[in-house]
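K.L.:
Fold the following for me, if possible:
(2 chains)
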Amino acid sequence: MKKVKDYIALAIVCAILGLLLSTSFYVHRRAQKTSPESRRVELISVVKDLEQERDGLKDDLKKLRKEIEDYEKEAAADEGVLASFTRELNNLSFAAGLTPVRGPGLEVVLGDSPTVPSGKDPSNYIIHDYDLRVIVNALWGAGAEAIAVNEQRLVGVSTLRCAGNTILANSTRLASPYRIRAIGDPDALYQALREDEGALQLIDGYAKFFGLVVDIKKSSELKLPSYQGSLRIEHAKAVRKGGS
Amino acid sequence: MRRLYLVPLLGLMAGVLLGFVLKIPIPAAYVKYFGIAVLAALDSAFGGLRASLEKNFNDRLFVTGFFSNTLMAAFIVYIGDGIGVEELYLAAVVAFGVRLFRNLALIRRHIFRSRGWE
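P.N.:
Numbers count the residues shown, from 1 in each chain, chains lettered A, B, ... in the order given. Below is the predicted model:
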């Protein structure tokens, strides 16, 4: 009977071996599926899809805004009360940044350094989101009336932020060189950049040290695009005058 | 009695099925040690098969060898990582790999000899 015992021992061990093998296969396959590399490929396609969707929605929005504009124009033709509403509407959408604007101002071009010496930290040689914010804030501070970064008009709900290694303006990806255009008194805007501590540090300090591209030009005529993003307000409610 | 060799085979299949049904989640950090343990287990199993063909199979030696080999292999690789000698992993892979192939060759030779094909 020794033989039977041998086989039972073998069977138990083989069962455990099988368990180990299949678990190992399963775990390994799962690990491959969730590896950073395949995750990245997946995420990139998700981002691309979403961006395409967003662009489609932006086009829709543009069409709808155009439609509204047409209605407004129609309404403007009418006399009386409607005309004053239309005037107010025009003023408001102008103030909200929903119309393209032009005027004198300042153009600031910031760009990544063309070369990064080997062995140096490359993040020192590129323009960051906070660099753009420093400039934009200084320009707002100096009384800029409208600002756009590349083709993104900055309005009340605009953001300038960093996602991975790209800068987003109004959640749209930007690429170096970054062209900041501000409409306002060119001299005042220029002076503001010479007086703002953060801007000076960037323009005279980091830019010169790391070879970042900085080009500041006064301009007598700048054209800024209108804000293309959404203005949907979901949570905020207006407080009535005299109400609590 | 002749069909007894099917018993371990059935055990193996049952184990494989159990593994795919249970889907035991091994944390990613331990996958490496687990792999080495599987390699050691595979080596022990082939070693047992060889021993039985050579007619010097000992069930106690086999069972204890299987478990101690498996656990020790994983443990030694773990120790290697702990003391900064990650290459110990390679040593284990090479050692078990060489033994595995040698056992396979010997098993093949035994089968040939027992059937008179040589």
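K.L.:
Helix or strand: which one has the closest residue to residue A:19 other than its chain neighbours?
P.N.:
For residue A:19, ignoring the flanking residues on the chain, the nearest one in space by CB to CB, 6 or more residues apart in numbering or on different chains is residue B:15 at 4.1 Å. Where C-beta positions appear, they are placed from N, C-alpha and C, glycine not excepted. Under the criterion DSSP states H and E, the helix or strand holding residue B:15 is helix B:6-22.
K.L.:
cool, and residue A:220?
P.N.:
Per DSSP H and E: strand A:213-224 holds residue A:220.
K.L.:
and that strand, what does it pack onto?
P.N.:
Using 3 or more CB pairs under 8 Å, 6 or more residues apart in numbering or on different chains; DSSP states H and E, the elements in contact with strand A:213-224 are strand A:101-111, strand A:146-149, strand A:178-183, helix A:186-195.
K.L.:
Give me whichever of the ones you listed is most buried.
P.N.:
strand A:146-149 (a mean of 26; mean count of other CB atoms under 10 Å in any protein chain shown).
K.L.:
Okay, now the sheet partners of that strand, with direction.
P.N.:
strand A:152-154 (antiparallel), strand A:178-183 (antiparallel) (DSSP bridges).
K.L.:
in the chain, what spans have low per-residue confidence?
P.N.:
With no chain named, the answer covers chain A. Scanning chain A with the threshold set as pLDDT under 70 gives A:1-2, A:76, A:78-79, A:242-244.
K.L.:
my bad, the chain I had in mind was chain B
P.N.:
Looking at chain B by pLDDT under 70, you get B:1-4, B:118.
K.L.:
Which residue, neighbours along the chain excluded, lies closest to residue A:148?
P.N.:
That would be residue A:224: by CB to CB, 6+ apart, it lies 4.4 Å from residue A:148.
K.L.:
do the same with residue A:100
P.N.:
residue A:226 is the one closest to residue A:100 (CB to CB, 6+ apart), at 4.8 Å.
K.L.:
Now do the same contact list for the one you found.
P.N.:
Listed by CB atoms under 8 Å, 6 or more residues apart in numbering or on different chains, the contact set of residue A:226 reads A:97, A:98, A:99, A:100, A:101, A:153.
K.L.:
What distance do you get for the residue nearest to residue A:148 to residue A:154?
P.N.:
9 Å (CB to CB, to the nearest Å).
K.L.:
residues shared between the contacts of these two?
P.N.:
Joint contacts of residue A:224 and residue A:154 (CB under 8 Å, 6+ apart) are A:147, A:148.
K.L.:
How is chain A partitioned into domains?
P.N.:
A:36-93, A:102-224 (automatic domain parsing).
K.L.:
which ones are touching residue A:65?
P.N.:
Neighbours of residue A:65 in contact, by CB under 8 Å, 6+ apart: residue A:98.
K.L.:
Roughly how far does it sit from residue A:89?
P.N.:
Note on residue A:65: its distance to residue A:89, by CB to CB, is 12 Å.
K.L.:
Correct me if wrong: residue A:169 contacts residue A:163.
P.N.:
No: if you go by CB atoms under 8 Å, residue A:169 and residue A:163 don't touch, sitting 11.0 Å apart.
K.L.:
neighbour-wise, which of those two wins?
P.N.:
Shown here are residue A:169 and residue A:163; by other CB atoms under 10 Å in any protein chain shown, residue A:169 has more neighbours (24 against 11).
K.L.:
from memory residue A:104 sits against residue A:222, does it?
P.N.:
Yes: contact criterion CB under 8 Å: residue A:104 and residue A:222 qualify, at 7.0 Å.
K.L.:
what is in contact with the two at once?
P.N.:
residue A:183.
K.L.:
quick one: the helices in chain B?
P.N.:
B:6-22, B:31-53, B:59-82, B:88-115 (DSSP state H).
K.L.:
which one's the longest helix in chain A?
P.N.:
Per DSSP H, chain A has its longest helix at helix A:36-77.
K.L.:
after it comes which helix or strand?
P.N.:
According to DSSP H and E, the helix or strand after helix A:36-77 is helix A:81-96.
K.L.:
That next one versus helix A:36-77: what angle between them?
P.N.:
With axes from the mean of the first three to the mean of the last three CA atoms, to 10 degrees applied, the angle from helix A:81-96 to helix A:36-77 works out at 150 degrees.
K.L.:
Contacts for helix A:81-96 next, please.
P.N.:
A:72, A:75, A:76, A:99, A:101, A:155, A:156, A:227, A:231.
K.L.:
out of the residues you listed, which is most surrounded?
P.N.:
Counting by other CB under 10 Å, top hit in these: residue A:227 with 23 neighbours.
K.L.:
Tell me if I am right that it is in a strand.
P.N.:
No: looking at residue A:227 with DSSP: H, G, I helix; E, B strand; the rest coil, it is coil, so not inside a strand.
K.L.:
how close does residue B:105 get to residue B:26?
P.N.:
Separation of residue B:105 from residue B:26 (CB to CB): 31 Å.
K.L.:
Include distance to residue A:203 when you put the helices and strands packed on strand A:213-224 into a markdown table, please.
P.N.:
Output for the helices and strands packed on strand A:213-224, formatted as a markdown table (distance: least, CB to CB, whole Å):
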| stretch | distance to residue A:203 |
| --- | --- |
| strand A:101-111 | 9 |
| strand A:146-149 | 17 |
| strand A:178-183 | 12 |
| helix A:186-195 | 7 |
